[in-house]
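Engineer: here is a sequence together with a model predicted from it:
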Amino acid sequence: MNPGTEPLRRKRVLLAAPRGYCAGVDRAVIAVEKALDLHGAPVYVRKEIVHNKFVVETLAARGAIFVDDTDEVPEGARVVFSAHGVSPAVHAAAAARSLVTIDATCPLVTKVHKEAVRFASDDYDILLIGHAGHEEVEGTQGEAPAHIQVVNSPDEVDAVTVRDPDKVVWISQTTLSVDETMETVRRLRERFPTLQDPPSDDICYATQNRQVAVKKLAPECDVVLTVGSANSSNSVRLVEVALDSGARASYRIDTAAEIDPAWLEGATTVGVTSGASVPEILVRDVLASLATHGFADVEEVRTATEDLMFSLPRELRADLKNAGTPVERPRRESRGELGVQPV
């Protein structure tokens, strides 16, 4: 080696685990697949079943028709409600059109809905930490619109007004950044010292697990690639978490085709993760693409093992039973197990 030169560093990929599909997404996607298998096309879906472009396009190719609201569904037709949940008004609108509904709301989102109803019945002011306009926030707010106000970020805390500062509680959108949510709560508590917490942390276990994994690998990475769609809140947060945790660059991509070779110039360590609505096939494609750029050495960085599974929606289970079809538990499409070397 010539004086003053540095040895070539080994190119590698640090692959986050957990990543990809969570139990709620798995359940929702399977609900649409099973409905198509059992009833045939078309099956209508209100909004995107999950926030992933590839998943939506794949289901559409099978005969799922995605609509913005129930008034676009023919009377008496079958409609699936997305994993993000819907308000009571949406349920009522569907009933008024005699729609046959399959509610694929994630059970963790349903839990937040029930919290909102309970606190509203006790006449609390409810501060919903989340992003206004997000489907999950709209559904939760619709449970008690007279009692809930949305707080989008810590910067909005000073504008919050309540009827009784001693009777205030916070709840949250499940897919937020854990750090940002806790900062919002901290600022809210400075204004309202008796602010009550929900009975359990509303941040989804999968959101938190994916962020923790990225925090562990990011400091070693020149670049972190997050596979996920632009409208996926938890995917967008992963990009931010990687930067905040020490990655020198961080990008979101829908597919491997979006990788810019310029991002990899001079890099020796690339981190890879994926949002909670991303099927593992897209991650495998990214790894294959990175291998063509010399990043064939993949090491898994695992911070948790997920084994939670949710039963299929009760309406679908009843249909399967009536059809004499075995009711199988949802698969776990990805637990981050690729046979790579853990670190």
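Structural biologist: Yep, it's here.

Engineer: figure out how far stretch 258-277 is from the centre of its chain.
Structural biologist: Centre-to-centre, stretch 258-277 and its host chain are 20 Å apart (Cα atoms, centre = their mean, to the nearest Å).

Engineer: buried residues, stretch 286-299. List them.
Structural biologist: Neighbour counts using 16 or more other Cβ atoms under 10 Å place 286-287, 289-290, 295, 298 of stretch 286-299 among the buried residues. All C-beta atoms are positioned from the backbone trio N, CA, C, and that covers glycine.

Engineer: using TSV, lay out the residues you listed together with distance to Val137.
Structural biologist: As requested, those are exported to TSV (distance: Cβ to Cβ, whole Å):
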residue	distance to Val137
Val286	30
Leu287	34
Ser289	35
Leu290	35
Phe295	38
Val298	37
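
Engineer: report the beta-bridge partners for the closest residue in space to Asp260 that isn't next to it in sequence.
Structural biologist: With sequence-adjacent residues excluded and distances taken as Cβ to Cβ, 6 or more residues apart in numbering, Asp260 is closest to Tyr251, at 7.8 Å. Beta-bridge partners recorded for Tyr251 (DSSP bridges): Leu225.

Engineer: ok, now which ones touch Tyr251?
Structural biologist: For Tyr251, the contacting residues are 223-226, 239, 260, 263, by Cβ atoms under 8 Å, 6 or more residues apart in numbering.

Engineer: which members of the buried residues of stretch 286-299 are the farthest-apart pair?
Structural biologist: Ser289 and Val298 (12.4 Å; Cβ to Cβ).

Engineer: just checking, which helix or strand of the chain averages the lowest pLDDT?
Structural biologist: Within the chain, no helix or strand scores below strand 341-342, which has a mean of 38 by mean pLDDT, DSSP states H and E.

Engineer: run through this protein and note the low-pLDDT ranges.
Structural biologist: 1-8, 328-343 (pLDDT under 70).

Engineer: output the longest helix belonging to it.
Structural biologist: Longest helix in the chain, counting residues (DSSP state H): helix 23-39.

Engineer: what's in contact with it?
Structural biologist: The set of residues external to helix 23-39 that reach it, using Cβ under 8 Å, 6+ apart, is 21, 43, 45, 49-50, 55, 59, 62-64, 78, 80, 82-83, 102, 104, 106-109, 204, 206, 276-277, 306, 308-313, 316, 319-320, 323, 325, 330-333.

Engineer: just the buried positions in that helix, please.
Structural biologist: Quick answer for helix 23-39 (16+ other Cβ under 10 Å): 23-36, 39.

Engineer: can you show me the CA trace of it as CSV?
Structural biologist: In CSV, the C-alpha atoms belonging to helix 23-39 read as follows (Å, rounded to 0.1, in the frame of the first residue of the first chain):
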residue,chain,number,x,y,z
ALA,A,23,-49.8,-7.5,11.8
GLY,A,24,-52.5,-4.9,11.0
VAL,A,25,-51.3,-4.4,7.4
ASP,A,26,-51.0,-8.2,7.0
ARG,A,27,-54.6,-8.6,8.2
ALA,A,28,-56.0,-5.9,6.0
VAL,A,29,-54.3,-7.0,2.8
ILE,A,30,-55.4,-10.6,3.3
ALA,A,31,-58.9,-9.4,4.0
VAL,A,32,-59.1,-8.0,0.4
GLU,A,33,-57.4,-11.1,-1.0
LYS,A,34,-59.9,-13.4,0.7
ALA,A,35,-62.9,-11.3,-0.2
LEU,A,36,-61.8,-11.5,-3.9
ASP,A,37,-61.2,-15.3,-3.6
LEU,A,38,-64.6,-15.8,-2.0
HIS,A,39,-66.9,-13.4,-3.8
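
Engineer: and the helices in the stretch 1-150 of the chain, which stretches?
Structural biologist: 23-39, 53-62, 88-96, 107-121, 135-141 (DSSP state H, counting those that start in this stretch).

Engineer: who are the packing partners of the fourth one?
Structural biologist: What it means is helix 107-121. Applying 3 or more Cβ pairs under 8 Å, 6 or more residues apart in numbering; DSSP states H and E, we find helix 107-121 packed against helix 23-39, strand 125-129, helix 135-141, strand 168-172.

Engineer: of all the ones you listed, which one is nearest Ser153?
Structural biologist: The nearest among the helices and strands packed on helix 107-121, by Cβ to Cβ, is strand 125-129 at 8.6 Å.

Engineer: so Ser277 is in contact with His51, correct?
Structural biologist: Yes: in this structure, Ser277 is within contact of His51 by Cβ atoms under 8 Å, at 5.2 Å.

Engineer: more crowded one of those two?
Structural biologist: Ser277 (32 against 29; other Cβ atoms under 10 Å).

Engineer: could you grab the helix/strand/coil label for the more buried one?
Structural biologist: Here Ser277 is recorded as coil under DSSP: H, G, I helix; E, B strand; the rest coil.
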